[in-house]
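based on what follows, work out the 3D shape:
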Amino acid sequence: MNILITHVSYHAAIGIIKQLRQLKNINLIGTSGIMYGYSSGSLLVDKFYPVPSDSDNNSYCKFLQNIIDLERIDCIFTADENDLLLFNSKPEIFQKLICNADSECINTFTDKLVGTIEMSKLNVPIPPIYSIRDLEKMPASTKIIIRDRVGCCSKGIIITDNSNRKLMGFELSDRRFIQKYIEGNEFTVDVFCDTKGEPKIIVPRERLAIRSGITYKCKIVENKQLIELCRLIYSRFCIPGFSNVQFIIDQQNVAHFIELNPRIGGTTIASSLASINWPQLYIENILLKKQLKSYEHYMSLVRWNAVVTRYYEEMIYYEK
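The predicted structure is shown next:
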């Protein structure tokens, strides 16, 4: 089986590669805008194609189509939301190779403000959203978080208080929004759904250590509040394949929605290691059209309270 993995420099792509290497008769083809040898992922695949630096959507699409034809690709994995939108726009090329949320759903959650508002409509708790007018009526000590509407890996986040008017005036624009800062523990919930968008496994993990926005130590926890909130969210939104939802649980044990990413996460491999090989499930259901077992069956396989830690493994490449 020939599998294409785009953006192999991403943490999530490395996790996919590790899990796919456990399967038999798998040939991995990778792409990245980072040239060969300058990211570990390019050295972990069987064949690598560099993405041309001047690629726009059309040329990038043709680039991928050439790989699909040359390598006889059976299935595609990506951790990039722009890729997912592109694949949705070209069903004649990609429809049989990947299964993901529709473009409307992806756009809803790519814009974190829009996604947060949608959660409030479902009565999922969210950190209150503030306007400048709201803040003018609040104490200077009110702690707030300024967030980019579009971003990833905790980039574009500023934590400050209501006294910092100069910073707020500089930072706020149509691209940013303000919320109340919630003190509490951070959780990411990995979710895998079948082709119909029905959740087959929902695994919360507590983020114990974070570096550059990526979880490096986490604990798999059977938090029923988070699981039920996700079941509510996925009863409204159809997201086949991989996705993840981030929450903060405050000191009163209330879980506040932070964001939903309609793609595989950088540390989804932790949930896979603590349960069942998720990329294998994806291939069986999406590509091979196999009927998956029940939600209860897969949830029974989760090793709750497992602690998953990352470590570095060096790769070396010799330039010729």
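
confirm that residue 258 sits in a strand.
Yes. Applying DSSP: H, G, I helix; E, B strand; the rest coil, one finds residue 258 inside a strand.

where's it relative to residue 83, distance?
Distance, residue 258 to residue 83, by Cβ to Cβ, to the nearest Å: 23 Å. Bear in mind the C-beta positions are built from the backbone N, C-alpha and C, glycine included.

kindly report the same for residue 248.
Distance from residue 248 to residue 83, by Cβ to Cβ: 28 Å.

within the helices and strands, which one has residue 189?
strand 184-193 (DSSP states H and E).

remind me what that strand packs against, helices and strands.
strand 199-211, helix 224-236, strand 241-250, strand 255-261, helix 268-273, helix 278-282 (3 or more Cβ pairs under 8 Å, 6 or more residues apart in numbering; DSSP states H and E).

C-alpha coordinates for that strand, PDB please?
Output of strand 184-193 as PDB, limited to C-alpha atoms (Å, rounded to 0.1, in the frame of the first residue of the first chain):
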ATOM      1  CA  GLY A 184      -6.900  25.600  35.400                       C
ATOM      2  CA  ASN A 185      -5.600  22.500  33.900                       C
ATOM      3  CA  GLU A 186      -5.300  22.000  30.100                       C
ATOM      4  CA  PHE A 187      -6.700  19.000  28.300                       C
ATOM      5  CA  THR A 188      -6.700  17.900  24.700                       C
ATOM      6  CA  VAL A 189      -9.300  15.300  23.600                       C
ATOM      7  CA  ASP A 190      -8.400  13.200  20.600                       C
ATOM      8  CA  VAL A 191     -11.400  12.000  18.600                       C
ATOM      9  CA  PHE A 192     -11.600   9.500  15.800                       C
ATOM     10  CA  CYS A 193     -14.800   9.300  13.800                       C
END
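
off-centre distance for it?
10 Å (Cα atoms, centre = their mean, to the nearest Å).

quick check: buried residues in that strand?
184, 186, 187, 188, 189, 190, 191, 192, 193 (16 or more other Cβ atoms under 10 Å).

for it, which strands pair with it and how are they oriented?
Strand pairing for strand 184-193, using DSSP bridges, gives strand 199-211 (antiparallel), strand 241-250 (antiparallel).

ranking those strands by burial, who's on top?
Highest mean neighbour count among the strands paired with strand 184-193 (mean count of other Cβ atoms under 10 Å): strand 241-250, with a mean of 23.

got the angle for that one vs strand 255-261?
On the basis of axes from the mean of the first three to the mean of the last three Cα atoms, to 10 degrees, strand 241-250 is oriented at 150 degrees to strand 255-261.

that older thread, and of the strands paired with strand 184-193, who's closest to residue 25?
Ranking the strands paired with strand 184-193 by proximity to residue 25 (Cβ to Cβ) places strand 241-250 first, at 22.0 Å.

using PDB, list the CA coordinates for that closest one.
The C-alpha trace of strand 241-250 is given here as PDB (Å, rounded to 0.1, in the frame of the first residue of the first chain):
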ATOM      1  CA  GLY A 241     -11.300  10.800  10.600                       C
ATOM      2  CA  PHE A 242      -9.100  12.600  13.000                       C
ATOM      3  CA  SER A 243      -9.700  15.800  15.100                       C
ATOM      4  CA  ASN A 244      -9.000  17.100  18.600                       C
ATOM      5  CA  VAL A 245     -10.700  19.500  21.000                       C
ATOM      6  CA  GLN A 246      -8.900  21.600  23.700                       C
ATOM      7  CA  PHE A 247     -10.400  22.500  27.100                       C
ATOM      8  CA  ILE A 248      -9.400  24.100  30.300                       C
ATOM      9  CA  ILE A 249     -11.000  22.800  33.500                       C
ATOM     10  CA  ASP A 250     -11.200  25.500  36.200                       C
END
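
so for it, what's the average pLDDT?
Across strand 241-250, the average pLDDT comes to 97.
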